[in-house]
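**Q** quick one, structure for this:
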Amino acid sequence: MNLGMPEILIILVIVLILFGPKKLPELARGLGQSIREFKKGASEIKQEFEQAVDLEPEKPAPQPSAAPEAEKKPAGDA
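**A** Below is the predicted model of the structure:
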């Protein structure tokens, strides 16, 4: 969604008409607090996710198993 300057001005005029000039600072303050809380919550979720990923024990890489040696036959029984 791309808002240009004309769209933003129309939205501001509608908000001004609906709420009046005395309510605008209070609305802006509430909007700012809401945005701040949302960002804080998103940051906390991101940190918890990163910690959960970091806390998972790393599984050691599977070591190649040594191939079983061929049965050794005594030299004299050939």
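
**Q** show me the contacts for F19.
**A** L27 (CB atoms under 8 Å, 6 or more residues apart in numbering). Every residue, glycine included, has its C-beta placed from N, CA and C.

**Q** against V13, how distant is it?
**A** According to CB to CB, to the nearest Å, F19 stands 11 Å off from V13.

**Q** now do P68, the pLDDT please.
**A** If you check P68, the pLDDT there is 58.

**Q** swap in P74?
**A** pLDDT at P74 comes out at 63.

**Q** tell me which element the spatially most central residue of the chain is part of?
**A** The chain has K46 as the residue nearest its centroid, 4.5 Å off, counting by CA atoms, centre = their mean. Here K46 sits within helix 24-55, counting by DSSP states H and E.

**Q** counting contacts, what elements does that helix pack onto?
**A** Here helix 24-55 touches helix 5-19, going by 3 or more CB pairs under 8 Å, 6 or more residues apart in numbering; DSSP states H and E.

**Q** now do the buried residues in the helix it packs on.
**A** Within helix 5-19, no residue is scored as buried using 16 or more other CB atoms under 10 Å.

**Q** what's the angle between that helix and helix 24-55?
**A** 120 degrees (axes from the mean of the first three to the mean of the last three CA atoms, to 10 degrees).

**Q** quick one: helix 5-19 to chain centroid distance?
**A** Counting by CA atoms, centre = their mean, to the nearest Å, helix 5-19 is centred 33 Å from the centre of its parent chain.

**Q** can you offset everything so residue one is 436?
**A** Okay, using 436 as the starting number, the last item reads as helix 440-454.

**Q** what is the rounded mean pLDDT of it?
**A** What helix 440-454 shows for mean pLDDT is 90.

**Q** try stretch 486-494
**A** The pLDDT scores in stretch 486-494 average 74.

**Q** K475 and L444, how far apart?
**A** Counting by CB to CB, the separation of K475 from L444 is 30 Å.

**Q** next one: A487
**A** Counting by CB to CB - A487 and L444 are separated by 45 Å.

**Q** how about K481?
**A** From K481 across to L444, the span is 35 Å (CB to CB).

**Q** could you do A477 as well?
**A** From A477 across to L444, the span is 29 Å (CB to CB).
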